[in-house]
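Enquirer: what follows is a predicted structure for the sequence shown.
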Amino acid sequence: MIQQRLVLAINQGMVLDHIPAGQALKIMRLLHVVSDQQRITLGLNLASQRLTLKDLIKIENRLLTEEEFHQVSIFAPEATLNYIENFKISKKVRCQLPKRIHGIFICPNNNCISHGEGQTAFQVESALKTVMLSCVYCERRFERDQLVKNYL
Ligand SMILES: [Zn+2]
């Protein structure tokens with residue numbers, strides 16, 4: 001099994017599994033993992049029992065902060081985070097949507113007061129097939145992908 005081998009090949013780090021296909025690259029950019037110079041294995045459009053197709057990211061010597069875990073959850077609410085120690089899964093955590101997210105995404109509304117404040121905050125809610133975020137400052141609602149564009 002290729003997947004099994006991907007997991008076993010890592011000594012210390014994490015495997016983000018069951019990412020909906022198409023979201024892994026966004027998550028990698030969000031986490032700035034490429035510039036960390038750690039070894040990364042990326043699996044795109046892999047066969048999955050739970051999803052039709054899934055993405056997978058394996059990163060050596062890297063764990064997620066709570067804040068990063070929330071960011072990942074917005075793009076992959078169904079994902080599983082596996083912590084790897086000594087080539088074995090030491091802990092499995094299911095992603096979970098945060099209720100609120102601060103300081104990560106920029107409000108797409110140009111007239112929003114948050115731009116002047118230098119801080120951002122969004123209420124997070126899951127909607128049909130996506131995740132919606134409402135700006136706490138201007139109260140506008142956005143689909144998660146609208147916020148990414150601004151962030152990147
Ligand atoms: Zn706003």
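Expert: Sure, I can see it. Numbering: from 1, shown residues only.
Enquirer: pull the longest helix from this protein.
Expert: Ranked by residue count and defined by DSSP state H, the top helix of the chain is helix 66-75.
Enquirer: give me the buried positions along that one.
Expert: Across helix 66-75, burial judged by 16 or more other C-beta atoms under 10 Å covers Glu68, Phe69, His70, Gln71, Val72, Ser73, Ile74, Phe75. Where you see a C-beta, it was placed from the backbone N, CA and C, and this is true even at glycine.
Enquirer: go on, stretch 10-23?
Expert: For stretch 10-23, using 16+ other C-beta under 10 Å, the buried residues are Ile10, Gly13, Met14, Val15, Leu16, Asp17, His18, Ile19, Pro20, Gln23.
Enquirer: contacts for that stretch?
Expert: 6-7, 24, 27, 38, 41, 44-45, 48, 50-64, 72, 75-76, 78-87, 89 (C-beta atoms under 8 Å, 6 or more residues apart in numbering).
Enquirer: so what's the residue most central in space within the chain up against?
Expert: For the chain, the residue nearest the mean C-alpha position is Val72 (1.7 Å; C-alpha atoms, centre = their mean). Residues near Val72 by C-beta under 8 Å, 6+ apart: Leu16, Ile27, Leu30, Leu31, Leu64, Ala79, Leu81, Cys95.
Enquirer: is the first one in a helix, a strand, or coil?
Expert: Read it as Leu16. strand (DSSP: H, G, I helix; E, B strand; the rest coil).
Enquirer: fine by me, thanks again.
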